[in-house]
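Trainee: With the input below, show me the fold.
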Amino acid sequence: MKTGAVNKTGQITVPLRDGEMGAFLAMPEKSPVGAIIAIMEIWGVDDTMKAHAREFAEAGFICLVPDLFWRLEPGVILSSDNPEHWMPSLDRYYHFDYNQGVKDMEDTITFLRAMEGCNGKVGSAGYCLGGKMCFLMCCRTGIDCAVAYYATYLEQNIREAPELSRPFMLHQALQDKWVPAPVCQYIQWKLSGNPLVTIHQYPDADHAFARHGASSYREADATKALALSIDFFNRHL
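Mentor: Now for the predicted structure:
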């Protein structure tokens with residue numbers, strides 16, 4: 001879905017309260033506009049995440065992809081297609097500190113709101129681990145809205161659901177081996193009473209159905225989810 005053009009892309013540094021985090025930035029042609037933090041899977045700021053950033057910039061938003069694992073090992077990019085990369089990626093995944101990650105994203109929100117060209121509104125779009133981060137940000141921070149794709153282990157923090165106070169959209173893949181259908185149904189049951197929550201389910205989709213180039217990629221479902229996400233961001237940013 002291309003409604004505009006990308007003005008420029010590049011690597012930048014985001015100042016945090018106790019350090020600096022690398023990030024990839026994609027800027028749209030027009031301003032002022034809302035900004036989106038695109039939060040990575042476990043593979044780093046790879047070509048897929050840069051493609052997502054360009055998609056959102058083409059739709060008219062500033063998009064920043066933070067190096068979420070910078071405290072563990074900055075700048076590392078691994079591949080889901082390389083069997084030797086799975087164990088190091090999972091190791092980083094299970095050592096990642098979500099609480100610290102939310103604080104880093106709070107600082108990223110502050111950074112984007114002050115950025116030239118931003119209208120002061122900031123949302124997020126997260127994939128896999130990034131999807132859970134989006135849920136936590138809607139529960140703990142002042143982000144304007146968030147979209148989560150196939151969020152892993154969200155159920156482990158479902159006790160925070162009463163604190164969810166920001167518009168939140170969740171894309172669930174019902175063939176997801178990491179988030180099985182019964183877990184998807186449980187999350188839907190727990191969140192469906194909150195009018196700020198919208199859940200879309202994809203019956204034939206597996207985990208990472210929006211990951212460009214992956215064997216799990218499903219063009220029709222990815223296109224639908226992106227259109228729904230952009231419409232959501234247009235309403236809230």
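Trainee: centroid residue for the chain?
Mentor: G126 (1.4 Å; C-alpha atoms, centre = their mean).
Trainee: Shouldn't that residue be within a strand?
Mentor: Yes. Judged by DSSP: H, G, I helix; E, B strand; the rest coil, G126 forms part of a strand.
Trainee: what residues are up against it?
Mentor: The contact partners of G126, taken as C-beta atoms under 8 Å, 6 or more residues apart in numbering, are 38-39, 132-134, 146-149, 151. For the C-beta atoms, the positions are set from N, CA and C on the backbone; glycine is no exception.
Trainee: Would you mind listing the buried residues in the longest helix belonging to the chain?
Mentor: Selection of the longest helix in the chain by residue count, based on DSSP state H, yields helix 219-236. Residues 221-222, 224-226, 229-230, 232-233, 236 are the ones in helix 219-236 that count as buried (16 or more other C-beta atoms under 10 Å).
Trainee: distance of the nearest residue to F168 once chain neighbours are set aside from Y186?
Mentor: In space, and not counting its chain neighbours, F168 is closest to C138: 4.6 Å by C-beta to C-beta, 6 or more residues apart in numbering. C138 sits 18 Å away from Y186, going by C-beta to C-beta, to the nearest Å.
Trainee: same deal with A5?
Mentor: 42 Å.
Trainee: same deal with V197?
Mentor: From V197 across to Y186, the span is 14 Å (C-beta to C-beta).
Trainee: what's the answer for A227, then?
Mentor: Distance of A227 to Y186, computed by C-beta to C-beta: 27 Å.
Trainee: Now name the helix or strand holding the spatially most distant residue from the centre of the chain.
Mentor: Outermost residue of the chain with respect to the C-alpha centroid, by C-alpha atoms, centre = their mean, is E84; its distance is 25.0 Å. Assessed by DSSP states H and E, E84 sits inside helix 83-95.
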